[in-house]
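S.K.: Need a 3D model of the sequence below.
(one chain, ligands or ions: 2)
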Amino acid sequence: MTKPNYQNAKFMLSIANLDQLPLDQGIEIAFVGRSNAGKSSVLNKLTQHTQLARVSKTPGRTQLINLFDLTHNRRIADLPGYGYAKVPADIKKQWQKLLDAYLRSRDCLQGLILVMDIRHPLKEFDKDMLNWCTECHLPIHILLNKADKLTPGAAKKTLLETSKAIATYPNTITLQTFSAVKGTGLDELKRKLDEWYSITAFQVHAQVQKG
Ligand SMILES: Nc1nc2c(ncn2[C@@H]2O[C@H](COP(=O)(O)OP(=O)(O)O)[C@@H](O)[C@H]2O)c(=O)[nH]1
Ligand SMILES: [Mg+2]
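M.R.: Residues are numbered from 1 along each chain as shown. Ligands and ions are numbered 1, 2, ... in the order given. Take a look at the predicted model:
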């Protein structure tokens, strides 16, 4: 399988219910983050689009699962984030239900990119995601975004502290620092995505058997 060209990402559709999802085939990688962590900025940087995923000054606007098509049945899923936005409790419940059901039921989901603001890592929302993914045996790759807001020394310290804090989770979690503004860490992110997108159905099956 050739590596996806992330610049070829095309918007497919927005869904509010899981029955609107495309067929559970190929490989999907989901991006998620507490609102304002910079998830839309990360997606725009990755795909070299300025407007693929809307960058919003108003936190918490993405309320649906947005799907982007790469190629060969490879997709990116942009999931709604919460935790910072002052969303009404019933809407938050609805998002939680949608996220939980998606993470549990989607067989083609190969991994989750969890975007955090490096200045506020491992908030309640992030821990919810880590717990759900542990239950679903889903690997997570954490981006400590906005690293440009810290000195290199402070960023490294947060990387080490966060790495220690997640060591207690039994599932596979990797992490890196990132800056959607500067593009720092983009190659490392692409290597992780390339790895997940090149996993064959046979390997996925073997992982399930093992887990
Ligand atoms: N300094 C800095 N600001 C960023 C970075 N990534 C995002 N932002 C800013 O953080 C705010 C929220 O970004 P957005 O992508 O809309 O976050 P989302 O709610 O997670 O999708 C915007 O003002 C962005 O310009 C980054 O790496 N560095
Ligand atoms: Mg956004």
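S.K.: separation between the spatially most central residue of the chain and Ala154?
M.R.: Geometric centre of the chain, nearest residue: Phe31, 2.2 Å, by C-alpha atoms, centre = their mean. Using C-beta to C-beta, to the nearest Å, Phe31 is found at 25 Å from Ala154. The way it works is simple: take the backbone N, C-alpha and C, and place the C-beta from them, glycine included.
S.K.: List the contacts of Asn66.
M.R.: By C-beta atoms under 8 Å, 6 or more residues apart in numbering, the residues touching Asn66 are 11, 13-14, 53, 77-78.
S.K.: Neighbouring strands of the host helix or strand of it in the sheet, and parallel or not?
M.R.: Under the criterion of DSSP states H and E, Asn66 resides in strand 65-69. For strand 65-69, the paired strands and their directions (DSSP bridges) read strand 10-15 (antiparallel), strand 74-78 (antiparallel).
S.K.: just the helices in this protein please.
M.R.: 39-47, 89-105, 124-135, 152-166, 186-197, 201-210 (DSSP state H).
S.K.: Mind checking those helices for the one nearest to ligand 1?
M.R.: Between ligand 1 and these, the tightest spacing by C-beta to the nearest ligand atom is seen for helix 39-47, at 3.3 Å.
S.K.: Contacts for the biggest strand by length in the chain next, please.
M.R.: Criterion DSSP state E: the longest strand present in the chain is strand 109-117. Strand 109-117 is contacted from outside by 27-34, 36-39, 42, 77, 102-103, 122-123, 126, 129-130, 133, 138-146, 178, 189, 192-193, 196-197, 199, 204, using C-beta under 8 Å, 6+ apart.
S.K.: so Lys3 touches Ser198, yeah?
M.R.: Yes. Contact criterion C-beta atoms under 8 Å: Lys3 and Ser198 qualify, at 7.0 Å.
S.K.: about what we covered before: would you format the contacts of Asn66 as CSV with pLDDT, neighbour count and distance to ligand 2 included?
M.R.: Output for the contacts of Asn66, formatted as CSV (pLDDT from 0 to 100; neighbours: other C-beta atoms under 10 Å; distance: C-beta to the ion, whole Å):
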residue, pLDDT, neighbour count, distance to ligand 2
Phe11, 89, 15, 14
Leu13, 89, 13, 17
Ser14, 87, 13, 13
Ala53, 66, 23, 6
Ala77, 96, 21, 13
Asp78, 93, 24, 8
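S.K.: Tell me how many other residues surround the residue of the chain found nearest ligand 2.
M.R.: Closest approach between the chain and ligand 2, counting by C-beta to the ion: Ser40, at 3.3 Å. Neighbouring residues of Ser40 were enumerated by other C-beta atoms under 10 Å; the total is 25.
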